[in-house]
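**Student:** Show me the folded form of this:
(one chain, ligands or ions: 1)
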Amino acid sequence: MKKQFAIIGLGRFGSSICKELYHMGHEVAAVDVDEKKLAAVKEFATQTFCGNGTDEALLEQIGIRNFDHVIIAIGDDIQASILTTLHIKDHNVPNVWVKAQNNYHHKVLDKIGADRVFHPEKEMGSRIAAYLTSDTVLDYIDLSADYSIIEMLATKKVAGETLITLDPRSKYDCTIIAIKQLGKVDVTPDPSEPIKEGDILIMIGNKKDLRRFRESEL
Ligand code: ADP
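**Tutor:** Below is the predicted model:
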């Protein structure tokens, strides 16, 4: 379903979101103080507006209250990011997602009602560190500070085991929710089917338990 997005701040982060959303067929309004930044995304935006996100008259002119989703990706100007978030929440936009520069900025954005706060550099840093330190972690999604969904590579060590013999629920308090084999995801894996080396186990659980499973079984 086509949705209406507005992106305020078209640096590297904002412009890559703008392009992706546009290619997915959504309507995207791009807002930046810098004409050059807007010119660079012109082909990937439904509308462009040159101006300051903190300017209430501009937000009225854009009709910001009619958007489903506003992404605020203003860079170093933390004051402008906070003020823009406040104005947009005042317009009752249901989904306001904001890029934070640091933990203090993150806290303030949470307090003033941002619906989601990103730390792309920090998140990518943790992700890369996880890949670098493990041969078996392929990808993960953090559900909260403690819980994740993680894709792990089945090694020779686990090959031949089944979900019944492995029994991760009772041994590790975590669950294999799907198994990926040759690019196909089986969300109802047969519990008596032997796991093969190279299968990808998609697991959900507490991070500590998932690590215990990985260190003992893979
Ligand atoms: P990134 O790390 O995503 O590349 P940048 O700091 O390079 O971040 O980009 C931030 C963008 O936000 C720039 O294009 C800048 O012109 C824009 N910007 C900064 N302040 C405002 C503001 N008050 N209103 C609208 N756009 C802004």
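**Student:** Residue numbers of the chain in contact with the ligand?
**Tutor:** By the rule Cβ under 6 Å from any ligand atom, the part of the chain lying against the ligand is 8-14, 31-34, 37, 52-54, 73-77, 80. Where you see a C-beta, it was placed from the backbone N, CA and C, and this is true even at glycine.
**Student:** Of those, select the buried ones using a PyMOL command.
**Tutor:** A single PyMOL command selects the buried members of those (16 or more other Cβ atoms under 10 Å):
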select buried, resi 8+9+10+13+14+31+32+33+37+52+53+54+73+74+77+80
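**Student:** Measure how far stretch 63-83 is from the centre of its chain, please.
**Tutor:** 18 Å (Cα atoms, centre = their mean, to the nearest Å).
**Student:** and it, which residues are buried?
**Tutor:** 64, 67, 69-74, 77-78, 80-83.
**Student:** Of those residues, which belong to strands?
**Tutor:** In this view, those that belong to strands under DSSP state E are 69, 70, 71, 72.
**Student:** would you turn these into CSV with pLDDT?
**Tutor:** Below are these laid out as CSV (pLDDT from 0 to 100):
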residue, pLDDT
69, 96
70, 97
71, 98
72, 98
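**Student:** Would you map the strands across the chain?
**Tutor:** 4-8, 27-32, 47-50, 69-72, 95-99, 116-118, 137-142, 147-153, 175-181, 184-186, 200-206.
**Student:** and the angle from the helix or strand of the chain with the lowest mean pLDDT to strand 95-99?
**Tutor:** When each helix and strand of the chain is scored by mean pLDDT, DSSP states H and E, helix 120-132 comes last, with a mean of 84. Using axes from the mean of the first three to the mean of the last three Cα atoms, to 10 degrees, the inter-axis angle of helix 120-132 relative to strand 95-99 is 70 degrees.
**Student:** For helix 120-132, buried residues please.
**Tutor:** Result for helix 120-132 [16+ other Cβ under 10 Å]: no buried residues.
**Student:** Report the inter-axis angle for that helix versus strand 137-142.
**Tutor:** Using the same axes, to 10 degrees: helix 120-132 against strand 137-142 is 140 degrees.
**Student:** Can you tell me what sits against helix 120-132?
**Tutor:** Outside helix 120-132, the residues that touch it by Cβ atoms under 8 Å, 6 or more residues apart in numbering are 13, 99, 137, 138, 140.
**Student:** Kindly recompute the last result at 6 Å.
**Tutor:** With contact meaning Cβ atoms under 6 Å, 6 or more residues apart in numbering, helix 120-132 is reached by 13, 137.
**Student:** Next: stretch 72-92.
**Tutor:** If you take Cβ under 6 Å, 6+ apart as the criterion, stretch 72-92 is touched by 8-9, 11, 13-14, 53-54, 56, 59, 64-65, 70, 96, 98-99, 101, 105, 108, 112-114.
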